[in-house]
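1. Sequence unavailable; structure follows:
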DNA sequence: CAAAATGGTTACAAAAGTATAACTATTTAT
DNA sequence: ATAAATAGTTATACTTTTGTAACCATTTTG
C-alpha cells in the first residue's frame, strides 16, 4: 500500500512538474506582451477577485510573495485604479486591499486577452475532450488549492489562511 | 453548441489561470531554496530528460526561451556536469545538448528535493483521491503538451517541434 | 506603562528572465 | 560564387522577482 501510494504520488508530482513550465511559458509571455501588468500583480488580482478583501500580509501569505514586493505591486495596481486601500478601523496597522469595479472589469478583459492563443488551441479539441479537460483542471485546481497550505515564505510570521 | 463550448473553454482557462500561481509559488521557491539551479535551467533538464538530444534552438523553441538565455543556462548546466555539448557532423553550425549520466541522477534527486513539501501534503489525501488526481494531472499534462504548439517567442524563426 | 510583537513601508542589493543588436561560422539559395 | 539564411554566442540594457535590514505606527503583552 505504501509502495503503491508513493508511486502514485511520484507520478502526480512528475505531472505537476511538467505542467508547470507549460503554463509558465504560455501565460507569462502573454501577460508581458498583451498587458502592462506583470505576472505578480495579476496573481494579486486573481486572489482579490475571489476574496473580496485581503490585507497586505494575507496577500503575501497566499502568494508566498515577500511583503515589500506586495507593496510595490499593489502600488502599481492602485495607480491603474484597479484596487483600493481600505483602512481597518479595528486595527489601524492593517491595510485592506479590495478590487474596484474598474479592476474587476479590467481583470476579466485581461484574462480574455492573455488566453486568446490558449482559447484558439482549445477550440480544436472535441467537445467530449473539453468536458473531460474541464473536469480534470477543476480537480487539479481544487486539490492543489486545498493542499498548498501557508508556507510562510514571507518575512515575519505568516497568518493562517 | 458554440455557446456551450465557449463556456467550457472559459472555465478550463479560468482553472489553468488559477493553477498557474499555485505551481509557480510552490515549485519555484523550492527550486531556489533547495538547489543551486534556477527554474529555467531545470526546465531545460526536464525536456532533455525526455528528448535524449536537442539543439540549442530546439530547446529555445520548446520553452519559448530566448536564445541568449538558453546559452547562459546551458553553460551553467555544463559547468555542473549535467549536460554535454555534441557537435553535429552533418551541420557544423548545430550544437546538440544531451544529459550526462550525472545529470540524469542529479535531476532525479533534485525533483525529489523540490517536491518534498508537495509530497508530504499529497500523503494526506486518500488513496482514491490520489488515483483520481493522477488521472487528472495526466490528462491536463497530455492535452496541454499537445496544445502548446511552437509559439516562436525566439528571435529568429522557430523550427517545428 | 515599558517592552515586545505585528503590519506595513522604504531602501537597497542581487538573482532570474527578457529583448535586441552585433557578430562568427556554416549552410543554403540564386 | 556571391548573397541570403541559419545556428549559436557575446554584449548590453531592462524588467521582474526575491531577500534583507531598517524603520514607523500601532497593538499586544507582561
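-> Now that the structure is in, tell me what you want to look at. Quick caveat: nothing in here was measured; it's all calculated off a predicted structure.
2. Would you confirm that residue A:42 contacts residue A:110?
-> Yes - look at residue A:42 against residue A:110 with C-beta atoms under 8 Å: they come within range, at 7.0 Å. Quick note: C-beta positions are derived from backbone N, CA and C, even for glycine.
3. Neighbour count for those two, which is higher?
-> The neighbour comparison of residue A:42 against residue A:110 (other C-beta atoms under 10 Å in any protein chain shown) goes to residue A:42, with 22 against 19.
4. ok, the more buried one - contacts?
-> A:31, A:35, A:107, A:110 (C-beta atoms under 8 Å, 6 or more residues apart in numbering or on different chains).
5. What's the local residue count around residue A:102?
-> Neighbours of residue A:102 (other C-beta under 10 Å): 13.
6. quick check, it in a strand?
-> No - using DSSP: H, G, I helix; E, B strand; the rest coil, the secondary structure at residue A:102 is helix, not a strand.
7. Not counting sequence-adjacent ones, nearest residue to the most centrally placed residue in chain A?
-> Centroid-nearest residue in chain A: residue A:43, 4.0 Å away (criterion: C-alpha atoms, centre = their mean). Excluding the flanking residues, the one nearest residue A:43 by C-beta to C-beta, 6 or more residues apart in numbering or on different chains is residue B:21, at 4.5 Å.
8. Longest helix in chain A, by number of residues?
-> helix A:2-34 (DSSP state H).
9. Show me which residues of that one are buried.
-> Within helix A:2-34, the residues scored as buried using 16 or more other C-beta atoms under 10 Å in any protein chain shown are A:5, A:8-10, A:12-28, A:30-31.
10. Can that helix be said to contact DNA strand C?
-> Yes - Helix A:2-34 lies within reach of DNA strand C by C-beta under 7 Å from any atom of the strand, at A:25, A:28-29, A:32-33.
11. ok, which of the residues you listed also contact chain B?
-> Among these, the ones lying near chain B by C-beta under 8 Å from any C-beta of the partner chain are A:25, A:29.
12. Least confident of the residues of helix A:2-34 next to DNA strand C?
-> Among the residues of helix A:2-34 next to DNA strand C, residue A:25 carries the weakest pLDDT, at 88.
13. Please give me every residue in contact with that residue.
-> Contacts of residue A:25 (C-beta under 8 Å, 6+ apart): B:63-65, B:148, B:153.
14. now swap in residue A:47 and tell me
-> A:54, A:59, A:62-63.
15. since we're on residue A:69, how many residues are nearby?
-> 16.
16. nope, residue A:78 is what I meant
-> 15.
17. these two touch, right, it and residue A:95?
-> No - with contact defined as C-beta under 8 Å, residue A:78 does not reach residue A:95; the gap is 10.9 Å.
18. Now for those two: what residues contact both?
-> Joint contacts of residue A:78 and residue A:95 (C-beta under 8 Å, 6+ apart) are residue A:85.
19. Need the residues touching each of residue A:42 and residue A:110.
-> When contacts are counted by C-beta under 8 Å, 6+ apart, residue A:42 and residue A:110 have residue A:35 as shared neighbours.
20. any idea how far residue A:39 is from the closest residue to DNA strand C within chain A?
-> Closest to DNA strand C within chain A is residue A:57: 3.0 Å, counting by C-beta to the nearest atom of the strand. Look at residue A:57 and residue A:39: by C-beta to C-beta, to the nearest Å, they are 21 Å apart.
21. near DNA strand D, which residues of chain A show up?
-> A:32, A:38-41, A:64-69, A:72-73, A:90-93, A:153, A:155.
22. Please indicate which of these are buried?
-> Buried among the residues of chain A next to DNA strand D (16+ other C-beta under 10 Å): A:39-41, A:64-65, A:69, A:73, A:153.
23. Kindly reformat those as a markdown table containing secondary structure.
-> Listed next are these as a markdown table, based on three-state DSSP:
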| residue | secondary structure |
| --- | --- |
| A:39 | helix |
| A:40 | helix |
| A:41 | helix |
| A:64 | coil |
| A:65 | coil |
| A:69 | helix |
| A:73 | helix |
| A:153 | coil |
